[in-house]
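Student: next comes the sequence, and after it the predicted model I'd like to discuss.
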Amino acid sequence: MALLDTIEGPASLRGLSDERLRELAGEIREFLIDRVTASGGHLGPNLGVVELTIALHTVFDSPKDRLLWDTGHQSYVHKLITGRRAGFDRLRKAGGLSGYPSRAESEHDLVENSHASTALSYADGLARADALTGTTDRAVVAVIGDGAMTGGMAWEALNNIGGGPDRPLVIVLNDNERSYDPTLGGFADHCARLRGGDADLSVFEQLGLTYLGPVDGHDIPALREALTRARRTTGPVIVHAVTEKGRGFAPTEENDLDRGHAIRPMDRRTGRALSTSSGPSFSAVFGECVTRIAAERPDVVAVTAAMTEPTGLLPLRERFPERVIDVGIAEQHAVTMAAGLSMGGVHPVVAIYSTFVNRALDQLLMDVALHRRAVTFVLDRSGVTGDDGPSHNGMWDMSVLQVVPGLRICAPRDGARLAELLDEAVSWEEGPTLVRFPKGATGPDIPTETVFAGMDVLYRQGALDVLVVSIGALARVALGVADRLTDLGHGVTVVDPRWVSPVAPGLCDMARRHRLVVTVEDNSRVGGVGSTIAQALRDADVTTPLREFGIPRRFLDHGGRADVLSLCGLTIEDISMAAAEDMAVLDGRERDPEFAAGLRGLTGGASASTVRSDTEGKV
Ligand SMILES: Cc1ncc(C[n+]2csc(CCOP(=O)(O)OP(=O)(O)O)c2C)c(N)n1
Ligand SMILES: CC(=O)[C@@H](O)[C@H](O)COP(=O)(O)O
Ligand SMILES: [Mg+2]
């Protein structure tokens, strides 16, 4: 029987010799390589923390001792040790194991948000709470990567942890020298000096923490010794563990781009991705376009928060290395620094995942918009991303950012529109602009039938009954809805306004001429483009009823993108069903069950009213 099969919880590790623990590490590595190459996921980060996680679970007593994983993408080994081996068959699939710590899964998981650099603040709060309640019999341990340590929050926490009265708190710095790319900046340089043994004093000691290390993060006895010393220290202590991202699997060890940070399913023998090639991604099209623009305009530079490759900026960096600025995991700094660049005569293109721009709302509002700086924001992974769960869906950007005065927002529906709109965005010098698009392939371009008041009309059939306002990437769904409604005998117009905020002036006029307006967006319904259009119609005294379709105000569990969209009711069937019901009411027919059943037959949909409610909680 494999040793791993006998591990049912951290208690199963007790009494195992160092030799047996090493054997277990080998089995865990083999297990991870086997499962994660098949499912996709964060292979490299987890291969790097196998010994570290085993050592932590032998020295500390989780869940009594509080173990926190910063970002959480490196928690697979922790999951294996805490009895979740079987779940790896459905890693990141709907209803299966989450790719991050999850309180619903285990009492060993305390936090699950997966936005970086938060663990030290949680840990400081837990340690303070223990001090305030007189709890002295448990430890608080936070594991944080060298990349996550580049985030401002981590330093705000350190300032508090080191400066106050001695409260026991163990920080493990998992230093693998990489975020995706090699970690850059003064802190990375300091870590290099510490690793080389030529730093007289660690910056941590100067902040009031005890520094232990550097320790070989793959040597279980050495790790156990350092962690045991840390546990016995009365005040805050940092253990500097040096690890190798992607260790033990040739394709991740040899991947100089990111050491297999977040892999797609791959053939484990060859290391080649099991291709599901469906054409270029939005990120790739953006990368190509921004490189072209930069070649034409020497004032254009790109800014990334430690995500050069995933945001599509590699081609630009290859061509103009000095014109891609990687600031580390520091979205707030990225945004205000971009304002400074713009004040200095440069046009910055700040490429961030939608979910991470939440961090920098204040900077965008006050430092960029109030100063009317011409900064272009490019939000990748907008809308439903799916696999990474609740924290990674880019479903709030338009709700949060439509409030910013002077910010112009566009949502390209395909690759051709992305190219056009990025050009327009970068040419606008009066203030900030924002281009948002989803994860994945652009798909074939969706042609424009005609242009009306600067908006793309994508479909026009019959009488002026239903106006479908299609926002960004859901254009294909909007066109499917148009087909269904046409089949039901309604006249339909589908319009893509391209620039969604502020509301296009011609839209109110168009809405006035129709009997029903339907808006379709992959953003939260609350405060989304639909609700802004509703407000604009009211302000313009347009009485045409409007129905908004968007993501309900819930945290969405992980799962495939199509499944999650379907749970949100963002399908052709559900939208056409609801619109047809509304048209029936407008036609004077009552909402009787027989009529609704007949409609369901025609549209193929579930009852839309069951999937659109906006209640708190998870789908
Ligand atoms: C606020 C925020 N920005 C960006 C990311 C995307 N991201 C996830 S992991 C990662 C690199 C993390 O590096 P590190 O903490 O050193 O962990 P490693 O993967 O090297 O173990 C980045 C940039 C994030 N999760 N949160
Ligand atoms: C942990 C984290 O935030 C990233 O690694 C993220 O999981 C990457 O997502 P994509 O795979 O969509 O680039
Ligand atoms: Mg790292």
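Tutor: Okay, I see it. Numbering: from 1, shown residues only. Ligands and ions are numbered 1, 2, ... in the order given.
Student: buried ones in whatever helix or strand residue 227 lives in?
Tutor: Using DSSP states H and E, residue 227 sits in helix 220-232. Neighbour-count burial for helix 220-232, counted by 16 or more other CB atoms under 10 Å, picks out 220, 222, 223, 224, 226, 227, 230, 231. The C-beta positions use only the backbone N, C-alpha and C, and glycine is treated the same way.
Student: from these, which are also near ligand 3?
Tutor: Residues of those in contact with ligand 3 (CB under 5 Å from the ion): none.
Student: can I get the residues you listed in CSV with pLDDT?
Tutor: Below are those laid out as CSV (pLDDT from 0 to 100):
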residue, pLDDT
220, 98
222, 98
223, 98
224, 98
226, 98
227, 98
230, 98
231, 97
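Student: returning to what we had before: following element in sequence after the helix holding residue 227, please.
Tutor: Per DSSP H and E, the helix or strand that comes after helix 220-232 is strand 236-242.
Student: put the alpha carbons of that following strand into CSV.
Tutor: What follows is strand 236-242, C-alpha atoms only, in CSV (Å, rounded to 0.1, in the frame of the first residue of the first chain):
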residue,chain,number,x,y,z
PRO,A,236,6.9,37.4,15.6
VAL,A,237,9.4,35.3,13.6
ILE,A,238,10.0,34.8,9.9
VAL,A,239,11.4,31.5,8.5
HIS,A,240,13.0,32.1,5.1
ALA,A,241,12.6,28.8,3.1
VAL,A,242,14.3,28.6,-0.2
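Student: what's the pLDDT at the residue in the stretch 151-300 of the chain that ligand 1 sits nearest to?
Tutor: The stretch 151-300 of the chain approaches ligand 1 most closely through residue 179 (3.9 Å), counting by CB to the nearest ligand atom. The model reports residue 179 with a pLDDT of 97.
Student: quick check on the closest residue to it other than its chain neighbours: phi, psi?
Tutor: Distances taken as CB to CB, 6 or more residues apart in numbering put residue 147 closest to residue 179, at 3.1 Å, once the chain neighbours are dropped. With angles defined as degrees, to the nearest 10, residue 147 sits at phi -70, psi -50.
Student: ok, back up a step: distance to residue 328 added to the buried residues of helix 220-232, as a markdown table?
Tutor: Putting those into a markdown table (distance: CB to CB, whole Å) gives the following:
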| residue | distance to residue 328 |
| --- | --- |
| 220 | 30 |
| 222 | 29 |
| 223 | 26 |
| 224 | 31 |
| 226 | 26 |
| 227 | 27 |
| 230 | 26 |
| 231 | 30 |
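Student: show me which of those is closest to ligand 3.
Tutor: Within those, proximity to ligand 3 (CB to the ion) peaks at residue 223, which comes in at 16.8 Å.
Student: correct me, but that closest one touches residue 55?
Tutor: Yes. Residue 223 is within contact range of residue 55, at 3.7 Å (criterion: CB atoms under 8 Å).
Student: what lies in contact with the helix or strand that contains residue 31?
Tutor: Residue 31 is part of helix 18-39, with elements assigned from DSSP H and E. For helix 18-39, the surrounding residues in contact (CB atoms under 8 Å, 6 or more residues apart in numbering) are 2-4, 7, 13, 16, 42-43, 46-47, 50-51, 54, 58, 76-77, 80, 85, 88-89, 91-93, 220-221, 247-249, 263, 265-268.
Student: for stretch 275-286, what is the distance to the chain centroid?
Tutor: Computed by CA atoms, centre = their mean, to the nearest Å, the separation of stretch 275-286 from the middle of its chain amounts to 18 Å.
Student: look at it and report the distance between its end residues.
Tutor: Using CA to CA, to the nearest Å, the end-to-end distance of stretch 275-286 comes out at 21 Å.
Student: so it, near ligand 2 or not?
Tutor: No. Residues of stretch 275-286 are not located near ligand 2 by CB under 6 Å from any ligand atom, the shortest gap being 8.6 Å.
Student: which residues are in contact with the residue of the stretch 451-600 of the chain found nearest ligand 1?
Tutor: Residue nearest to ligand 1 within the stretch 451-600 of the chain: residue 558 (14.8 Å; CB to the nearest ligand atom). Contact analysis of residue 558 by CB under 8 Å, 6+ apart lists 92, 93, 94, 96, 98, 99, 386, 387, 388, 389, 390.
Student: cutoff 10 Å now
Tutor: 91-100, 102, 385-393, 564 (CB atoms under 10 Å, 6 or more residues apart in numbering).
Student: report the distance from the helix or strand containing residue 58 to the chain centre.
Tutor: Using DSSP H and E, residue 58 sits in helix 50-59. Here helix 50-59 shows a centroid-to-chain-centroid distance of 28 Å under the convention CA atoms, centre = their mean.
Student: and the lengthiest strand in the chain, what's buried?
Tutor: In the chain, assigned by DSSP state E, the strand with the most residues is strand 516-524. Neighbour counts over strand 516-524 (16+ other CB under 10 Å) mark 516, 517, 518, 519, 520, 521, 522, 523, 524 as buried.
Student: then stretch 7-16?
Tutor: Neighbour-count burial for stretch 7-16 flags 7, 10, 12, 13, 16 (criterion: 16+ other CB under 10 Å).
Student: ok, now how distant is residue 69 from ligand 1?
Tutor: Using CB to the nearest ligand atom, to the nearest Å, residue 69 is found at 10 Å from ligand 1.
Student: could you give the number of residues near residue 256?
Tutor: Per other CB atoms under 10 Å, the neighbour tally for residue 256 reads 9.
Student: all strands of the stretch 501-619 of the chain, in order?
Tutor: Secondary structure of the stretch 501-619 of the chain, counting by DSSP state E, counting those that start in this stretch: strands at 516-524, 546-551.
Student: please apply the same query to the stretch 351-500 of the chain.
Tutor: Ranges of strands in the stretch 351-500 of the chain, per DSSP E, counting those that start in this stretch, are 376-382, 408-410, 433-438, 450-452, 455-461, 466-470, 492-496, 499-501.
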